[in-house]
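Peer 1: Sequence first, predicted model second:
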Amino acid sequence: MVYTIGVADLKISGDVTDVLITYALGSCLGITVYDIKLKRAGLLHCMLPDSNLDRNKAAGNPFLYVDSGMKTMLDDFYRRGSRKHDLLIRVAGGSSSKVNEEEDFFQIGRRNFVSLRKYLWDEGLMLKAYDVGGYSSRTVTLEVGNGKMLIKSKGSLKEL
Amino acid sequence: MKTKIEKALEEATISTFEDICFMYPVPELKDIQKNLKLEAAAEVKYRGEFTGKLLIETRGGLFSAIAANILSNDSPGSRQKKDALGEIANIICGNIVPYLGLGGRGYKIESPKSLNKDELLKQKSQAKPLAKVTLNFNQGRVDVKFFVDDNSAAKEKKG
Amino acid sequence: MALNILVVDDSSVMRSIIIKTLKLTDLPLGDIWEAENGEEGLRLLQEKWIDLALVDIHMPVMDGEEMIRRLRKKDQYENLPVIVISSESDPCKIEMMLKQGATFIHKPFKPEILKEVIIDITGVNYEDKD
């Protein structure tokens, strides 16, 4: 089955026939976690860098923010028996809304990526691959059966 | 309009804080952040075609936050905090020196030095920096100043 | 194959960053040794079995340039993989390091870069752990 993950949402699947997909990542991040041993996959589509910006909002929907979204996703993997060194973590998105970066006053995409790096550093995890920045929107697909992550942007398709 | 070296100093400072400290600058510099008390400072001297130094100052809790983020430790020790600030200054300085004449060739960058209050007061009376940048983070504020001993010569070289 | 690694940097915080990064790479690690300058680094190279050296350039007592020059003169370290991690931006100095067979990583760096370079120059990967 193909699951579409919307903005500020998460889907985790252990069904090897499933495909997870999220569309139109601009400054948002599409973060994928894949357990190579258990063949479980998660795709998080988060919008903002830091849940400290609004703790109430984060309590209502943790997937709005990079840090609270990652915590919720990883907690699920650990609860189901995942071990850190079996997890492949990849990310796409974080683009700028303006072609001239200086005009992008809030630089949400860039901040989202820094926030993810901090979260992973504190957790003792490392990114396997990333495709972030630039000015184009991206669509991310993750196949649960083999962990293949595909990124479609400006009409071209690449594997991360 | 920013000069080439001011732009380079800002970029080097931002990328160092992003990559090493996992902090991103926030554009809003509120009045309260403008008037924060100085908490720590460090300098890195360089020698080559030109001589000078890079001075870094932190305010509002950033001194501790830098080491805390780098080490993933909420209560870093005094030595760790000083070492972390010095290393940040060292990295930024290494990235800025090439913007002086000769593309940075032949420069020697000394080990960073933590400054005490007397030394800081002495710094205040010194010449104007060739470039400076102030960045505000959620964790506090940083001021980075890049000095060239013979200021006019460096400007001339850059045209 | 587990890699024994020597980390030479005068900043204890930078050594911590590098060592934490090494541990996060999930590469097969053996012993990790630390030195504060080139002279200490050379001494550890004499005493321990080292498979890879990560070396800063600007250090007191003996800088990284001198350390690499000296170790290349010894037969047993002629082909030792060396990664220079420095904010050095002098193209001549970087070129000289490359000529000495070192690979260069510019500070500030993202941890993934260090992992890629280690895999590239040593040929080890996390699969080698099993």
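Peer 2: Ah, there it is. Numbering: from 1, shown residues only, chains lettered A, B, ... in the order given.

Peer 1: since we're on residue C:74, how many residues are nearby?
Peer 2: Per other CB atoms under 10 Å in any protein chain shown, the neighbour tally for residue C:74 reads 12. Every residue, glycine included, has its C-beta placed from N, CA and C.

Peer 1: Next one: it from chain A, what distance?
Peer 2: To chain A, residue C:74 is 34 Å away according to CB to the nearest CB, to the nearest Å.

Peer 1: give me the beta-bridge partners of residue A:65?
Peer 2: Legend: beta-bridge partners of residue A:65 under DSSP bridges are residue A:48.

Peer 1: what's the distance between it and residue A:72?
Peer 2: Relative to residue A:72, residue A:65 is positioned 10 Å away (CB to CB, to the nearest Å).

Peer 1: who touches the residue in chain C that chain B sits nearest to in this structure?
Peer 2: Nearest residue of chain C to chain B, counting by CB to the nearest CB: residue C:87, 2.6 Å away. Shown in contact with residue C:87 (CB atoms under 8 Å, 6 or more residues apart in numbering or on different chains): B:90, B:91, B:92, B:93, B:94, B:95, B:109, C:58, C:106, C:107, C:108.

Peer 1: Residue B:83 touches residue C:12, doesn't it?
Peer 2: Yes: in this structure, residue B:83 is within contact of residue C:12 by CB atoms under 8 Å, at 5.4 Å.

Peer 1: Could you pick out the residues of chain A near chain B for me?
Peer 2: Counting by CB under 8 Å from any CB of the partner chain, the residues of chain A close to chain B are A:49-50, A:52, A:105-107, A:110-111, A:114-115, A:117-118, A:121-122.

Peer 1: ok, the closest residue to chain A within chain B - how many residues close by?
Peer 2: The shortest separation between chain B and chain A is 3.4 Å, found at residue B:22 (distances taken as CB to the nearest CB). Around residue B:22 there are 19 other residues, counting by other CB under 10 Å.

Peer 1: hang on, the earlier thing: residue B:83 and residue C:12: who's more crowded?
Peer 2: residue B:83 (25 against 16).

Peer 1: Get me the contact residues on chain B for chain C.
Peer 2: B:15-16, B:18-20, B:67, B:70-72, B:79-80, B:83-84, B:86-87, B:90-95, B:97-98, B:103-112.

Peer 1: Can I get the buried part of the residues you listed as one PyMOL selection?
Peer 2: Those of the residues of chain B next to chain C that count as buried under 16 or more other CB atoms under 10 Å in any protein chain shown are selected in PyMOL with:
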select buried, chain B and resi 16+18+19+20+67+70+71+80+83+84+86+87+90+91+92+93+94+95+97+98+104+105+107+109+112
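
Peer 1: about what we covered before: out of the residues of chain A next to chain B, who's the most crowded?
Peer 2: residue A:49 (27 neighbours).

Peer 1: Surely it is in contact with residue A:114?
Peer 2: Yes: Residue A:49 lies in contact with residue A:114 (CB under 8 Å); the separation is 7.0 Å.

Peer 1: Spell out which residues are contacts of both of those two.
Peer 2: With CB under 8 Å, 6+ apart as the test, residue A:49 and residue A:114 both reach residue B:24.

Peer 1: Count the residues that sit near the closest residue to chain A within chain C.
Peer 2: Chain C approaches chain A most closely through residue C:24 (4.3 Å), counting by CB to the nearest CB. The tally of other residues near residue C:24 (other CB under 10 Å) stands at 21.

Peer 1: Can you tell me how far it is from residue C:114?
Peer 2: 9 Å.

Peer 1: Give the buried residues for stretch A:14-25.
Peer 2: In stretch A:14-25, counting by 16+ other CB under 10 Å, buried: A:18, A:19, A:20, A:21, A:22, A:23, A:25.

Peer 1: Could you tell me which of those residues belong to strands?
Peer 2: Cross-referencing the buried residues of stretch A:14-25 against strands under DSSP state E gives A:19, A:20, A:21, A:22, A:23, A:25.

Peer 1: just curious, which of those residues is nearest to chain C?
Peer 2: The closest of those, once distances to chain C are taken by CB to the nearest CB, is residue A:25, at 20.0 Å.

Peer 1: Which pLDDT value belongs to that closest one?
Peer 2: On pLDDT, residue A:25 comes in at 94.

Peer 1: what about the helices in chain B?
Peer 2: B:4-21, B:31-34, B:62-71, B:78-96, B:117-124, B:151-158 (DSSP state H).

Peer 1: What residues does chain C have near chain A?
Peer 2: C:20, C:21, C:23, C:24, C:25, C:26, C:110, C:111, C:112, C:115, C:126.

Peer 1: Do I have it right that residue B:136 meets residue B:25?
Peer 2: Yes: the pair residue B:136 / residue B:25 is scored as a contact, 6.3 Å apart, by CB under 8 Å.

Peer 1: State the distance from residue B:137 to residue B:50.
Peer 2: Applying CB to CB to residue B:137 and residue B:50 gives a distance of 30 Å.

Peer 1: Repeat that for residue C:89.
Peer 2: Distance, residue C:89 to residue B:50, using CB to CB: 14 Å.

Peer 1: All the helices of chain C, residue numbers only.
Peer 2: For chain C, the helices defined by DSSP H occupy C:12-24, C:38-47, C:64-72, C:91-99, C:111-122.

Peer 1: Lowest average pLDDT across the ones you listed?
Peer 2: Among those, helix C:91-99 scores lowest, at a mean of 85.

Peer 1: Point out where chain B drops to low pLDDT.
Peer 2: For chain B, the stretches with pLDDT under 70 are B:28-33, B:101-105, B:121-126, B:150-159.

Peer 1: That one against chain A: which residues are in contact?
Peer 2: Close to chain A, as judged by CB under 8 Å from any CB, chain B has residues B:18, B:22, B:23, B:24, B:27, B:69, B:72, B:138.

Peer 1: what's the farthest-apart pair in the residues you listed?
Peer 2: B:27 and B:72 (26.8 Å; CB to CB).

Peer 1: thinking again about what came up before, verify the stated contact: the residue of chain C closest to chain A with residue A:126.
Peer 2: Yes: taking CB under 8 Å as the definition, residue C:24 is a contact partner of residue A:126 at 4.3 Å.

Peer 1: Now list whatever residues contact both of those two.
Peer 2: Joint contacts of residue C:24 and residue A:126 (CB under 8 Å, 6+ apart) are C:111, C:115.

Peer 1: got the contact list for the spatially most central residue of chain C?
Peer 2: When CA atoms, centre = their mean is applied to chain C, the residue found nearest the centroid is residue C:54 (1.1 Å). Residues in contact with residue C:54 (CB under 8 Å, 6+ apart) are C:5, C:6, C:7, C:8, C:9, C:18, C:82, C:83, C:85.
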